[in-house]
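>>> here are the coordinates; sequence isn't available:
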């Protein structure tokens, strides 16, 4: 029987799938989860939940191994921050109190120093003359739901995910775009651009790229290796 379990780790600011060895202690687990959730070890309260969100156990004894609590695959480790004031949990992603500059569509359209005005003057994008070549998107053999890897400029950094959209978009007038849901929040959006939704995913997990940057294959989800005990 394998000593490795696959579980979901959920905190106020993060959600991910992780693998842990049942032989590590709760104290060792907390050290790993601090790197994942940003919650200091001393502030962590870890609750085990089943698929229905019901509490099964609380990892209250730091000296016990995970196997002591009967942790199994696809259960959820809910990490609660007992002192958010010291770790700013939830505050970095809450923009409700940030003062925002707002400009109405009418006022924006009247300005001459904007991207919109530039496109209108130079007949770019939707202000250009439609051509026959741009009205018909080329065929791309990339199936929806396929696992993929997106080309990266960083050596050894694999941007992996699942294809969620293939086709033309409203944010550009020509060509085909591929919408990818990344496994980790390394993207740019949630599947929508400029108010138009093409697919749905978690915030910052969505991205749109050209087909030549997408490689289709059996790419498994890659985990962040903190040490040899996490697989």
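Here it is on my side, so go on. Just so it is clear, the model here is predicted, and its values are computed rather than measured.
>>> show me the shaky parts of this protein.
1, 88-98, 129-138, 223-231 (pLDDT under 70).
>>> select the longest strand from it.
Secondary structure of the chain per DSSP state E: the longest strand is strand 159-167.
>>> elements contacting the helix or strand just after that one?
Counting by DSSP states H and E, the next helix or strand C-terminal to strand 159-167 is strand 177-182. Strand 177-182 sits against strand 147-150, strand 159-167, strand 206-209, with contacts defined as 3 or more C-beta pairs under 8 Å, 6 or more residues apart in numbering; DSSP states H and E. Using the backbone N, CA and C atoms, a C-beta is placed for each residue, glycine as well.
>>> and the ones you listed as a markdown table, adding distance to residue 10?
A markdown table is the format used below for the helices and strands packed on strand 177-182 (distance: least, C-beta to C-beta, whole Å):
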| stretch | distance to residue 10 |
| --- | --- |
| strand 147-150 | 24 |
| strand 159-167 | 20 |
| strand 206-209 | 20 |
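>>> for this protein, longest helix please?
helix 26-37 (DSSP state H).
>>> check which element follows that one along the chain.
With DSSP H and E, the next secondary element past helix 26-37 is strand 44-49.
>>> got the phi and psi for residue 13?
phi -120, psi -10 (degrees, to the nearest 10).
>>> distance-wise, check it relative to residue 200.
Separation of residue 13 from residue 200 (C-beta to C-beta, to the nearest Å): 20 Å.
>>> the longest strand of the chain: partners in the sheet, and parallel or antiparallel?
Here strand 159-167 is paired, per DSSP bridges, with strand 147-150 (antiparallel), strand 177-182 (antiparallel).
>>> could you point out which element follows the last one?
What it means is strand 177-182. strand 192-193.
>>> which residues sit against that next one?
Contacts of strand 192-193 with the rest of the structure, by C-beta atoms under 8 Å, 6 or more residues apart in numbering, involve 169, 170, 171, 198, 206, 208.
>>> change it to 7 Å
Outside strand 192-193, the residues within contact range by C-beta atoms under 7 Å, 6 or more residues apart in numbering are 169, 171, 198, 208.
>>> nearest spatial neighbour of the last one, skipping sequence neighbours?
Right, residue 208. Ranked by C-beta to C-beta, 6 or more residues apart in numbering and with sequence neighbours excluded, the top spatial neighbour of residue 208 is residue 177, at 4.6 Å.
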